[in-house]
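A.B. asks: Below are the sequence and a predicted model; questions follow.
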Amino acid sequence: MNGTFVKALCSIGAATLAAIGVAGCGSGDDGGEAGYTGKIELLSWFYSASESRALDALVEVYNHDHPGVEVVNAAAIAASTAGERLRQRMALGSPPDSFQVNGGVELLEWVEHNGREGDNKLEPLDDIAASSGWLDVVPRPILESVTVDGHVYAVPVNIHRANSLCYNKRIFAESGLAPPTTLDGLRAVVGALVEKGITPMALSAQLAPEAGRFVWEHVFVMSAGPEFYESFFRGEEDPSDPRVRAALEASLTIAEHVNPDHESIGWADAARLVGEGEAAMFMDGDRVKAELQAQGYEYGVDFGMVAVGGDSTFVYVDDSFVLPRGSPHREPTLALLATMGTVEGQDALNPLKGSIPVRLDTDRSLYDEPSRRAMEAARAPETRFIPERTLVVPRDVLTAIDSAYKEYLRDRDTDRMMLVIEAYYPGIKEYNRQR
């Protein structure tokens, strides 16, 4: 969907619900299991220091009314790892109480399990969404991404800006450089830093999706432009377009000047390189800001952050949670999901997560300057609010292309990389055609 963040619903009346096809049914549970004391398990990828403390803050809000419940964060190191673990458990008929998803493609995978509409692995959360008061204050693109056939199936807790670059303030000040938001600017900065003997860019390629994020949400957006990024991952372009090749080759040029251990470190460790001044920049989304803060670095003093492509480009991705059918502790889990959708829950989690809340009615005074700036950019009518490719591209296609790109960083064979993209691009076209 093209458009801005502020296409939110105006009310949760019948007419409004009908306008987007959300049915007024689903779980009628009040989310409370009287006297329940015990554990409920979340399977997530809230693994790093900043992610863990953000989730802990949200759980603290939940425990205010449910003090006897221990929420166990069964976190995997990355979304891809969490997904593998989840698929194994679901196949064994042993679901966690709740698990994390992104809206769009990933959510649909569980609603239409194995491609069958009658094999739904999730419970609808329509009543939870209404009782938590967020149906009327959530932007339409986000609501649509968690809605299937008229039912809400996930509670979105945040919005991340995927196209964000963090940089070391001292290095840039001493070098007389401005943080780049364009490809020409990035090339100039990299060249200047190389001359000074400074590693320009931190990179994490331990996992293929992290390598993919470097090229697609950053170099590709800079090189081909946000409009082409969106239309390309909507399946509306020719995969052999010269702009694809140009972006790939541009990314190789930047990747010549990254940390030598990029294949062995995760994104949080790559962020640390910027904090310590071992590298000047890191392009991995706004979660890096929160991670650097959790590591003890101060925004505006030790590091800064800019939007790749400029403030009017906002590539978004959500973190959401669902209720699987067969959830072992259904009622206390429903109560936790309800908390996730409240103002209090989102205002506890997001200031520590580096993200912005999904709700439009939260307390902006609780957020730091870059988060408030992101809120303003997201709401500005001139902003292009674009779904990250993970929301609109099937998992098997993403995995194949990101894995090939990780190899591309080694073999530098652009022709081979283009052949992989061209081979898998029909899967992007077909998925989006069906939607």
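C.D. replies: In hand now; what should we look at? On a predicted model such as this, the values are computed, not experimentally measured, just so you know.

A.B. asks: From now on I want contacts and neighbour counts done on CA atoms only, so please keep to that.
C.D. replies: Noted.

A.B. asks: Quick one: neighbours of residue 365, just the number.
C.D. replies: When neighbours are counted by other CA atoms under 10 Å, residue 365 registers 9.

A.B. asks: my bad, should have said residue 427
C.D. replies: Residue 427: 17 surrounding residues under other CA under 10 Å.

A.B. asks: From one end of stretch 97-107 to the other, what's the distance?
C.D. replies: 16 Å (CA to CA, to the nearest Å).

A.B. asks: Identify the residues contacting it?
C.D. replies: For stretch 97-107, contacts defined as CA atoms under 8 Å, 6 or more residues apart in numbering pick out 40-45, 142, 145-146, 153-154, 156, 317-324, 327-330, 333, 390-395.

A.B. asks: Filter those residues down to the ones in strands?
C.D. replies: Among the contacts of stretch 97-107, the members found in strands (DSSP state E) are 40, 41, 42, 43, 44, 156, 317, 318, 319, 320, 321, 322.

A.B. asks: Which one of those residues is nearest to residue 64?
C.D. replies: Nearest to residue 64 among the ones in strands among the contacts of stretch 97-107 is residue 40, at 15.7 Å by CA to CA.

A.B. asks: what sits against the closest one?
C.D. replies: Residue 40 sits next to 69, 70, 71, 72, 97, 329, 332, 333 when contact means CA under 8 Å, 6+ apart.

A.B. asks: Produce a PyMOL select command limited to the buried residues of those.
C.D. replies: Buried subset of the contacts of residue 40, written as a PyMOL selection, criterion 16 or more other CA atoms under 10 Å:
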select buried, resi 69+71+97+329+332+333
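
A.B. asks: Now render the contacts of residue 40 as JSON lines, adding pLDDT and distance to residue 162.
C.D. replies: Putting the contacts of residue 40 into JSON lines (pLDDT from 0 to 100; distance: CA to CA, whole Å) gives the following:
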{"residue": "69", "pLDDT": "96", "distance to residue 162": "33"}
{"residue": "70", "pLDDT": "97", "distance to residue 162": "31"}
{"residue": "71", "pLDDT": "97", "distance to residue 162": "28"}
{"residue": "72", "pLDDT": "97", "distance to residue 162": "27"}
{"residue": "97", "pLDDT": "98", "distance to residue 162": "28"}
{"residue": "329", "pLDDT": "96", "distance to residue 162": "34"}
{"residue": "332", "pLDDT": "96", "distance to residue 162": "32"}
{"residue": "333", "pLDDT": "97", "distance to residue 162": "29"}
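
A.B. asks: Of the contacts of residue 40, which belong to helices?
C.D. replies: Residues of the contacts of residue 40 located in helices (DSSP state H): 332, 333.

A.B. asks: Among the contacts of residue 40, which one lies nearest to residue 424?
C.D. replies: Using CA to CA, the contacts of residue 40 come closest to residue 424 at residue 97, 34.4 Å.

A.B. asks: Can you name the residues in contact with stretch 68-76?
C.D. replies: Residues outside stretch 68-76 that contact it (CA under 8 Å, 6+ apart): 35-47, 59, 63, 82, 332.

A.B. asks: now do stretch 314-322
C.D. replies: By CA under 8 Å, 6+ apart, stretch 314-322 touches 98-103, 122-123, 142, 153-163, 217, 307, 337, 377-378, 383-388, 390-391.

A.B. asks: Now find how far off-centre that stretch is within its chain.
C.D. replies: 5 Å (CA atoms, centre = their mean, to the nearest Å).

A.B. asks: avg pLDDT for that stretch?
C.D. replies: Across stretch 314-322, pLDDT averages out at 97.
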